[in-house]
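Engineer: I would like to see how this sequence folds:
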Amino acid sequence: MSLPQNNAAQFRHLFWFLNAGKLDVSQDKNLIIHQVLSHGSMDDVRRLFQMYGQPTIRREFKKPKPGLYYPSILNFVQYLLGVKKLDKKKYLKKIYAAPLRNFRR
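Structural biologist: Numbering: from 1, shown residues only. The predicted model follows:
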(Lines give C-alpha, C1' and ligand atoms only; values in the text may rest on other atoms or scores of the structure.)
Protein backbone atom coordinates (compact mmCIF):
# COMPACT_ATOMS: atom_id res chain seq x y z
CA MET A 1 0.00 0.00 0.00
CA SER A 2 1.58 3.27 -1.03
CA LEU A 3 0.05 6.05 1.05
CA PRO A 4 1.51 9.54 1.04
CA GLN A 5 3.73 10.02 4.08
CA ASN A 6 2.21 13.40 4.98
CA ASN A 7 -1.19 11.78 5.71
CA ALA A 8 -0.02 11.17 9.26
CA ALA A 9 0.32 14.93 9.75
CA GLN A 10 -3.47 15.23 10.04
CA PHE A 11 -3.21 13.31 13.33
CA ARG A 12 -0.36 15.39 14.73
CA HIS A 13 -2.44 16.47 17.76
CA LEU A 14 -2.68 12.82 18.88
CA PHE A 15 1.07 12.25 18.92
CA TRP A 16 2.25 14.70 21.58
CA PHE A 17 4.82 12.17 22.76
CA LEU A 18 6.86 11.97 19.54
CA ASN A 19 7.70 13.86 16.37
CA ALA A 20 4.60 13.23 14.27
CA GLY A 21 6.39 14.49 11.18
CA LYS A 22 8.52 11.33 11.18
CA LEU A 23 5.59 8.91 11.22
CA ASP A 24 5.41 6.64 8.21
CA VAL A 25 1.82 5.61 7.41
CA SER A 26 2.92 2.16 6.24
CA GLN A 27 5.50 1.25 8.87
CA ASP A 28 3.73 2.93 11.81
CA LYS A 29 0.16 1.98 10.93
CA ASN A 30 -0.35 -0.05 14.13
CA LEU A 31 0.65 2.90 16.29
CA ILE A 32 -1.41 5.35 14.21
CA ILE A 33 -4.51 3.14 14.24
CA HIS A 34 -4.45 2.46 17.98
CA GLN A 35 -3.69 6.07 18.86
CA VAL A 36 -6.51 7.43 16.68
CA LEU A 37 -9.02 4.83 17.91
CA SER A 38 -8.18 5.40 21.57
CA HIS A 39 -7.71 9.19 21.62
CA GLY A 40 -9.12 10.61 18.38
CA SER A 41 -12.39 12.39 17.67
CA MET A 42 -15.04 10.95 15.35
CA ASP A 43 -13.59 13.12 12.55
CA ASP A 44 -10.19 11.54 13.20
CA VAL A 45 -11.74 8.06 13.07
CA ARG A 46 -13.47 8.88 9.77
CA ARG A 47 -10.18 10.07 8.28
CA LEU A 48 -8.51 6.90 9.58
CA PHE A 49 -11.09 4.74 7.77
CA GLN A 50 -10.54 6.73 4.57
CA MET A 51 -6.80 6.32 4.93
CA TYR A 52 -6.58 2.58 5.71
CA GLY A 53 -10.01 0.98 5.22
CA GLN A 54 -11.86 -1.29 7.65
CA PRO A 55 -10.05 -4.59 6.90
CA THR A 56 -6.62 -3.08 7.66
CA ILE A 57 -7.88 -1.26 10.76
CA ARG A 58 -9.55 -4.40 12.06
CA ARG A 59 -6.42 -6.52 11.45
CA GLU A 60 -4.17 -3.99 13.22
CA PHE A 61 -6.66 -3.54 16.08
CA LYS A 62 -6.33 -7.23 16.88
CA LYS A 63 -2.63 -6.60 17.62
CA PRO A 64 -3.12 -4.89 20.98
CA LYS A 65 -1.17 -2.02 22.44
CA PRO A 66 -1.49 -2.49 26.23
CA GLY A 67 -2.90 0.29 28.35
CA LEU A 68 -4.35 2.56 25.66
CA TYR A 69 -8.09 2.12 26.02
CA TYR A 70 -10.72 3.12 28.56
CA PRO A 71 -13.48 0.49 28.86
CA SER A 72 -16.14 2.62 27.13
CA ILE A 73 -13.82 3.47 24.21
CA LEU A 74 -12.78 -0.17 23.84
CA ASN A 75 -16.43 -1.28 23.76
CA PHE A 76 -17.24 1.34 21.11
CA VAL A 77 -14.26 0.37 18.92
CA GLN A 78 -15.06 -3.31 19.32
CA TYR A 79 -18.64 -2.61 18.16
CA LEU A 80 -17.49 -0.30 15.35
CA LEU A 81 -15.14 -2.94 13.93
CA GLY A 82 -17.44 -5.90 14.58
CA VAL A 83 -14.91 -7.70 16.76
CA LYS A 84 -16.78 -10.27 18.85
CA LYS A 85 -14.13 -11.73 21.14
CA LEU A 86 -10.93 -10.24 22.47
CA ASP A 87 -8.93 -10.30 25.68
CA LYS A 88 -9.80 -6.87 27.10
CA LYS A 89 -6.98 -7.01 29.64
CA LYS A 90 -4.51 -6.63 26.77
CA TYR A 91 -6.10 -3.35 25.70
CA LEU A 92 -7.34 -1.62 28.85
CA LYS A 93 -5.51 0.91 30.97
CA LYS A 94 -3.98 -0.76 34.02
CA ILE A 95 -6.43 0.79 36.47
CA TYR A 96 -9.27 -1.06 34.72
CA ALA A 97 -7.54 -4.29 33.72
CA ALA A 98 -6.31 -5.39 37.15
CA PRO A 99 -8.85 -7.15 39.36
CA LEU A 100 -9.41 -5.65 42.79
CA ARG A 101 -7.90 -7.82 45.51
CA ASN A 102 -7.74 -7.85 49.29
CA PHE A 103 -10.51 -5.33 49.80
CA ARG A 104 -12.06 -5.57 53.23
CA ARG A 105 -15.09 -3.64 54.30
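
Engineer: Pull the contacting residues for residue 94.
Structural biologist: Going by CB atoms under 8 Å, 6 or more residues apart in numbering, residue 94 touches residue 67. Backbone N, C-alpha and C define where each C-beta goes, glycine included.

Engineer: if you skip the residues just before and after it, what's nearest to the most centrally placed residue in the chain?
Structural biologist: Centroid-nearest residue in the chain: residue 34, 1.7 Å away (criterion: CA atoms, centre = their mean). Residue nearest to residue 34 in three dimensions, not counting chain neighbours: residue 65, with 4.4 Å by CB to CB, 6 or more residues apart in numbering.

Engineer: Provide a list of residues in contact with the one you found.
Structural biologist: Neighbour list for residue 65: 30, 31, 34, 91 [criterion: CB under 8 Å, 6+ apart].

Engineer: Touching, the first one and residue 62? I think so.
Structural biologist: No - when contacts are counted by CB atoms under 8 Å, residue 30 is not listed as touching residue 62 (10.3 Å).

Engineer: Same drill for these two, tell me which one is more crowded.
Structural biologist: Taking neighbours as other CB atoms under 10 Å, residue 30 and residue 62 compare with residue 30 leading, 14 against 10.

Engineer: Surely that one forms part of a helix?
Structural biologist: Yes - judged by DSSP: H, G, I helix; E, B strand; the rest coil, residue 30 forms part of a helix.

Engineer: Check the gap between it and residue 71 for me.
Structural biologist: Taking CB to CB, to the nearest Å as the measure, residue 30 falls 21 Å from residue 71.

Engineer: where's residue 86, which helix or strand?
Structural biologist: Residue 86 belongs to no helix or strand when assigned by DSSP states H and E.

Engineer: excluding its backbone neighbours, what's nearest it?
Structural biologist: Leaving aside its sequence neighbours, residue 86 sits nearest to residue 78 (CB to CB, 6+ apart; 6.6 Å).

Engineer: and that neighbour, how many residues sit next to it?
Structural biologist: The burial count assigned to residue 78 is 17, neighbours taken as other CB under 10 Å.

Engineer: Going forward, the N-terminal residue is numbered 5.
Structural biologist: Shifting the count to begin at 5 puts that one at residue 82.
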